[in-house]
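Engineer: fold the following and give me the result.
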Amino acid sequence: FNGQGNPNFNVTLIFCKDTQKCKIDNLSLNEKGEGQILIENFDQNWSSLTIIPSIQRKISGFSFNEPSFPFSLLVSIKQKTEENTYIRELLAKIAELQRQIAEIQRKINEILIKKQQTLSCSKFNRDLYFGLMDDPDVRCLQQFLKSQGPEIYPEGLVTGNFLNLTKKAVIRFQEKYKDEILKPLKLQNGTGFVGPLTRAKINQLLGL
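Structural biologist: Got it, this is the predicted structure:
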């Protein structure tokens, strides 16, 4: 607060917390009418501050020609440098962790793609069925079904797990070649079970 050289100012401070709890205090001024106050943790302890400057030269006998007394107020917020620095450091660490996670994910994807590309399959000699997990022959089956186009295996996943998507793809394949796979067994619809006739047709198409 700056009373512009007038030492007669009286500055009343009213601190309130949610309009329910208030405290009244006075700001101490020097002989030049200047004073300052530092309020720590204002946002935690208070919700408002009302500043009432006044010249208490008289309490009665006022007229329309009373003199004016200029003053000025300067309010500033002191940043918590250490806290802000800590927050910036945390954000930088989070960004670095996100970058590392993205790099790890990229390497995992490269390994999976390479694994699919280097998949070596030979003749299908055993039955394959729903429920097999992490099976190399199932991977070969999925790779073959994928090569038959999206009308057979639209998802194209090569996981080694014989689950619903693989079973549906096998059924589509069986029904596409129903004369060779289903009719000999007197079946109208595919079963999703890769038995001797299904394996024979796959091996034929593979030239094995």
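
Engineer: so which helix or strand takes in Glu66?
Structural biologist: Per DSSP states H and E: Glu66 is located in neither a helix nor a strand.

Engineer: just give me the neighbour total for it.
Structural biologist: 11 (other Cβ atoms under 10 Å). In this view, the C-beta of every residue, glycine as well, is placed from N, C-alpha and C.

Engineer: hmm, who's touching stretch 198-208?
Structural biologist: The contact list for stretch 198-208 (Cβ atoms under 8 Å, 6 or more residues apart in numbering) reads 121-125, 127, 141, 144, 170, 173-174, 177, 180-181, 194.

Engineer: please indicate which of the residues you listed are buried?
Structural biologist: Buried members of the contacts of stretch 198-208, scored by 16 or more other Cβ atoms under 10 Å, are 124, 141, 144, 170, 173-174, 177, 181, 194.

Engineer: need those in a markdown table with secondary structure, pLDDT and distance to Pro7, can you?
Structural biologist: Below are the buried ones among the contacts of stretch 198-208 laid out as a markdown table (DSSP: H, G, I helix; E, B strand; the rest coil; pLDDT from 0 to 100; distance: Cβ to Cβ, whole Å):
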| residue | secondary structure | pLDDT | distance to Pro7 |
| --- | --- | --- | --- |
| Phe124 | coil | 93 | 102 |
| Leu141 | helix | 95 | 96 |
| Phe144 | helix | 93 | 97 |
| Val170 | helix | 97 | 97 |
| Phe173 | helix | 97 | 99 |
| Gln174 | helix | 97 | 102 |
| Tyr177 | coil | 97 | 105 |
| Ile181 | helix | 96 | 107 |
| Val194 | strand | 97 | 100 |
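
Engineer: so which of the contacts of stretch 198-208 is the closest to Glu110?
Structural biologist: Distance to Glu110 across the contacts of stretch 198-208 (Cβ to Cβ) is lowest for Cys121, with 21.4 Å.

Engineer: what count of nearby residues applies to the residue nearest to the closest one when sequence neighbours are not counted?
Structural biologist: Sequence neighbours aside, Cys140 is the residue nearest to Cys121 in space, at 3.5 Å (criterion: Cβ to Cβ, 6 or more residues apart in numbering). Other residues within reach of Cys140, judged by other Cβ under 10 Å, total 21.

Engineer: for the one 10 residues further on, same thing?
Structural biologist: Neighbouring residues of Pro150 were enumerated by other Cβ under 10 Å; the total is 9.

Engineer: what sits closest to it if chain neighbours are left out?
Structural biologist: With sequence-adjacent residues excluded and distances taken as Cβ to Cβ, 6+ apart, Pro150 is closest to Gly156, at 7.5 Å.

Engineer: in which helix or strand does Ile39 reside?
Structural biologist: Going by DSSP H and E, Ile39 is not in any helix or strand.

Engineer: list the contacts for it?
Structural biologist: Contacts of Ile39 by Cβ under 8 Å, 6+ apart are 46, 49.

Engineer: now the residue nearest to Pro150: how far from Thr198?
Structural biologist: Relative to Thr198, Gly156 is positioned 19 Å away (Cβ to Cβ, to the nearest Å).
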